[in-house]
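Novice: need a 3D model of the following:
(2 chains)
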There are 2 protein chains.
Amino acid sequence: MTEITQLALRARDASRALAKTSSAVRDTALRAMAAALVAHTDRILAANALDMEAAREAGTPGPLLDRLMLDEDRIVAIAGSVDALALQADPIGEVVSGHRMPNGIWLQQVRVPLGVVAMIYEARPNVTADAAALCVKTGNAAILRGGSLAIHSCLTISDILSEAATASGIPEHAIQSITSVDRAATDELMRLHGLIDVLIPRGGAGLIRNVVANATVPVIETGVGNCHIYVHSAAQLDMAVSIVLNAKCQRPGVCNSAESLLVDESVCEAYLPPILRALTAAGVEVRGDERTLSLDVEGVVPATEDDWGTEYLDLKISVAVVAGLDEAIAHVNRYGTRHSEAIVTEDYDAARRFLDEVDAAAVYVNASTRFTDGGEFGLGAEIGISTQKLHARGPMGLTALTSTKFLAMGNGQVRP
Amino acid sequence: MTEITQLALRARDASRALAKTSSAVRDTALRAMAAALVAHTDRILAANALDMEAAREAGTPGPLLDRLMLDEDRIVAIAGSVDALALQADPIGEVVSGHRMPNGIWLQQVRVPLGVVAMIYEARPNVTADAAALCVKTGNAAILRGGSLAIHSCLTISDILSEAATASGIPEHAIQSITSVDRAATDELMRLHGLIDVLIPRGGAGLIRNVVANATVPVIETGVGNCHIYVHSAAQLDMAVSIVLNAKCQRPGVCNSAESLLVDESVCEAYLPPILRALTAAGVEVRGDERTLSLDVEGVVPATEDDWGTEYLDLKISVAVVAGLDEAIAHVNRYGTRHSEAIVTEDYDAARRFLDEVDAAAVYVNASTRFTDGGEFGLGAEIGISTQKLHARGPMGLTALTSTKFLAMGNGQVRP
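Specialist: The predicted structure follows:
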């Protein structure tokens, strides 16, 4: 039996013991886990320094280095998220539905943990703490696999959390990390059908593609966001400028930022130049279609077919002029990744049709796509943003890490 | 572009048009589809005769022939199920949750169709009608692939339903069947990631294993049921006999029938002989462990390790004596397929622990496992019984064929 299979079997055993713990035990453990992170700041910073040094030597670009870097403040913030989970309501044990069957059986459907949750993610050490804490909160055993770039930070955080959890009455092996950075380990993990109840990849399009192509365990796809802002002919120009700038520039490296701008032909001469000038003034590289280029706004470069399907995660935007609502909806449904899509309009029917016909996890009228977020949507903790339709769609709160089971209490009923 | 990809692209286009139809249009179409099945009885029977003839020539066993066979009464019954769907509430458009965000955005989460639903199933012609009707009801485009044994019946039913649906205002290509019985076609179908929103295999363990191993599209696993009846030391003997007989014999070929019997050591000498005699009298082959064999009940043969994990779907049962509740729960969690599990007991704490600790879609106290069924559980139409934990677990009603999306209506909000 391989090491990964053994680890998964330990996780399954732990998940069964964990499912029997009370909310009080799990919440106490979360507080202890948060305190342990702060108490072991030095140990975490030492591990992070190793990762940072290796990353610098490997010539890792600045934004990635920034996502990898930990300092005291960031560790306090990470611990704060773990601690805050203890205050949230426990989804486990909720009676979701139920009734007395005509034959007298008492039937109830109750919320239960999924069992064993595996997460594969890239170079963000904070995801280790988030994932472990979310799993403890929801009574799931966690198998974590951080990116190789953050491996020392992730393993150290995982060890600290596991020790603190076990000391608080959480079963041993409820939080485990895969120590090997070998890809064979993750390939094996994603094929442990029957042992892993769900695998959640968090990272770039390449990671998610690999998981989708190779996993035999159930997967929740997250994150890739080729989001559009569509400026309809009945838009207010100042609102359009403000929403486009916010959606593109407020935090360009995240999945709910805008990557593409569509503008109605009938208003493009009046609206596009001020919007594009605002974008270039904010340092955004604008890639326009032919009609956009014909407006001769300084700094606009030609877009290629590839641009329409590209998630830049950077200060870049593609711009296309469309004939109207139908073409805009068709473009979004063709090139979008079903994440977050927005229309800017004062026209009631255009708003209604865009909401109805665009196929995405979150569809906006007159607001920035940047709001697609568990915290903003009031879901509390966020596990990620699902871009698939099965199980969970859009920002996922704690219930996304749960399943249900039917309990049937009879007194001798048999089926006639 | 291959034929299967073209078919899936047509399905996706149809799904977008279908999502815009009203409940009234979809319910009217369901009534027309039901009427068309009855009106075309001769055409269906002629197609079924071809399948029956080929099946007989191939030496297909009797029970399978019976599942394949259609007659006027069965067609009326199939049409009745389609018609009945029109009376059920439409899950599409339900506002699942919502609130005004602190910044003034109106947020609502609404129920929407999944999009394109693919079903691969074995030799039951009625599944074609069920699946097509469930998809029309829930606004999903259906791609159907019946078993090769039932291919003429399935394609004829699919054609009749598709014609009737289109004539009632359902978009063309909303119901499509794969005409090739070549396995390459299904292998391709299950890898059309991005075009198929969910694939539901319905059939034997081999079909489901193949789908799980090869699919890149989201899958809902259904059906395999290695279900146990555990007779606890505090069981009433007459109730135990009645539940074991019902769960094993009332319809042995279905997934919620019992395949294995566990009995507490402390009562096995008193309880097992009458239970086993009742089983053998009902024509059941009993395969016992050593302790069971030691009771010297006539007709009991030895069980092998393989028996504990086998879903017979036949008049056979494996029997093991266990030390008590802990061993029973461990046995069920080890060998069960997480479908339906029952304890027979008058002991409150044993009942409570079995309900809590057994990991299955449906857990019973003092009732037959045969009740795990959408109709019995009051869910209305049933798509199948999910044995996975993601998206849906246990009997699946109409909502299992839906997803949700967030609609956010603002008036210029941007993220600070």
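Novice: show me where the stretch 1-150 of chain A dips below the pLDDT cut-off.
Specialist: For the stretch 1-150 of chain A, not a single residue meets the criterion pLDDT under 70.
Novice: so how far is chain B from A:N103?
Specialist: 8 Å (Cβ to the nearest Cβ, to the nearest Å). (Each C-beta comes from the backbone N, C-alpha and C, glycine too.)
Novice: show me where the stretch 51-200 of chain A has its strands.
Specialist: Per DSSP state E, counting those that start in this stretch, the stretch 51-200 of chain A carries strands over the ranges A:95-100, A:106-113, A:116-121, A:141-145, A:175-177, A:198-202.
Novice: I'd like those strands as a markdown table, with mean neighbour count appended.
Specialist: Below are the strands of the stretch 51-200 of chain A laid out as a markdown table (neighbours: other Cβ atoms under 10 Å in any protein chain shown):
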| stretch | mean neighbour count |
| --- | --- |
| strand A:95-100 | 13 |
| strand A:106-113 | 20 |
| strand A:116-121 | 26 |
| strand A:141-145 | 28 |
| strand A:175-177 | 26 |
| strand A:198-202 | 24 |
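Novice: reformat these as TSV; add distance to chain B.
Specialist: As requested, the strands of the stretch 51-200 of chain A are exported to TSV (distance: least, Cβ to the nearest Cβ, whole Å):
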stretch	distance to chain B
strand A:95-100	6
strand A:106-113	6
strand A:116-121	10
strand A:141-145	13
strand A:175-177	19
strand A:198-202	6
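Novice: among those, which is nearest A:T387?
Specialist: strand A:198-202 (11.3 Å; Cβ to Cβ).
Novice: for the closest one, packing partners?
Specialist: strand A:116-121, helix A:205-214 (3 or more Cβ pairs under 8 Å, 6 or more residues apart in numbering or on different chains; DSSP states H and E).
Novice: B:L245 is nearest to which of these?
Specialist: That would be strand A:116-121 among the helices and strands packed on strand A:198-202, by Cβ to Cβ, at 36.4 Å.
Novice: ok and the closest one relative to strand A:141-145, angle-wise?
Specialist: 20 degrees (axes from the mean of the first three to the mean of the last three Cα atoms, to 10 degrees).
Novice: residue boundaries of the helices in the stretch 201-350 of chain A?
Specialist: Using DSSP state H, counting those that start in this stretch, the helices of the stretch 201-350 of chain A run over A:205-214, A:237-249, A:265-281, A:290-293, A:305-308, A:325-335, A:348-357.
Novice: nearest residue to A:A54 other than its sequence neighbours?
Specialist: A:L149 (7.5 Å; Cβ to Cβ, 6 or more residues apart in numbering or on different chains).
Novice: got the domain boundaries for chain A?
Specialist: A:3-221+A:388-409, A:227-371 (automatic domain parsing).
Novice: can you put those domains in CSV and add distance to B:R352?
Specialist: As requested, these are exported to CSV (distance: least, Cβ to Cβ, whole Å):
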stretch, distance to B:R352
domain A:3-221+A:388-409, 10
domain A:227-371, 39
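Novice: ok, which of these comes nearest B:P302?
Specialist: Per Cβ to Cβ, nearest to B:P302 of these: domain A:3-221+A:388-409, 27.5 Å.
Novice: who touches stretch A:322-333?
Specialist: A:228, A:230, A:232-233, A:262-266, A:308, A:320, A:341, A:343, A:350, A:353-354, A:357-360, B:16 (Cβ atoms under 8 Å, 6 or more residues apart in numbering or on different chains).
Novice: please indicate which of those residues are buried?
Specialist: A:228, A:230, A:232-233, A:262-264, A:308, A:320, A:341, A:343, A:350, A:353-354, A:357-360, B:16 (16 or more other Cβ atoms under 10 Å in any protein chain shown).
Novice: by proximity to chain B, which residue of the stretch 101-250 of chain A wins?
Specialist: A:N246 (3.5 Å; Cβ to the nearest Cβ).
Novice: tell me how far that residue lies from B:K405.
Specialist: Using Cβ to Cβ, to the nearest Å, A:N246 is found at 22 Å from B:K405.
Novice: same question for A:A235.
Specialist: 22 Å.
Novice: in TSV: the helices of the stretch 201-350 of chain A, plus mean pLDDT.
Specialist: Conversion of these to TSV gives the following (pLDDT from 0 to 100):
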stretch	mean pLDDT
helix A:205-214	87
helix A:237-249	98
helix A:265-281	98
helix A:290-293	97
helix A:305-308	96
helix A:325-335	97
helix A:348-357	97
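Novice: looking at the ones you listed, which is buried most?
Specialist: Ranked by mean neighbour count under mean count of other Cβ atoms under 10 Å in any protein chain shown, these are led by helix A:237-249, which reaches a mean of 22.
Novice: show me what that helix is packed against.
Specialist: Judged by 3+ Cβ pairs under 8 Å, 6+ apart, the packing partners of helix A:237-249 are strand A:227-231, strand A:258-264, helix A:265-281, strand A:340-344, strand A:362-367, strand B:402-413.
Novice: quick one: closest of these to B:A49.
Specialist: strand B:402-413 (37.8 Å).
Novice: what mean pLDDT does the closest one have?
Specialist: For strand B:402-413, the mean pLDDT works out to 97.
Novice: just the C-alpha atoms of that strand, please, in PDB.
Specialist: Extracted as PDB, the C-alpha positions of strand B:402-413 are listed here (Å, rounded to 0.1, in the frame of the first residue of the first chain):
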ATOM      1  CA  THR B 402     -31.000  22.100 -11.000                       C
ATOM      2  CA  SER B 403     -28.200  24.500 -10.100                       C
ATOM      3  CA  THR B 404     -28.500  28.100  -8.800                       C
ATOM      4  CA  LYS B 405     -27.100  31.400  -9.900                       C
ATOM      5  CA  PHE B 406     -26.700  34.700  -8.000                       C
ATOM      6  CA  LEU B 407     -28.400  37.800  -9.400                       C
ATOM      7  CA  ALA B 408     -27.100  41.100  -8.100                       C
ATOM      8  CA  MET B 409     -28.900  44.300  -8.900                       C
ATOM      9  CA  GLY B 410     -27.100  47.500  -8.000                       C
ATOM     10  CA  ASN B 411     -27.100  51.100  -8.800                       C
ATOM     11  CA  GLY B 412     -23.400  51.800  -9.400                       C
ATOM     12  CA  GLN B 413     -21.700  50.000  -6.500                       C
END
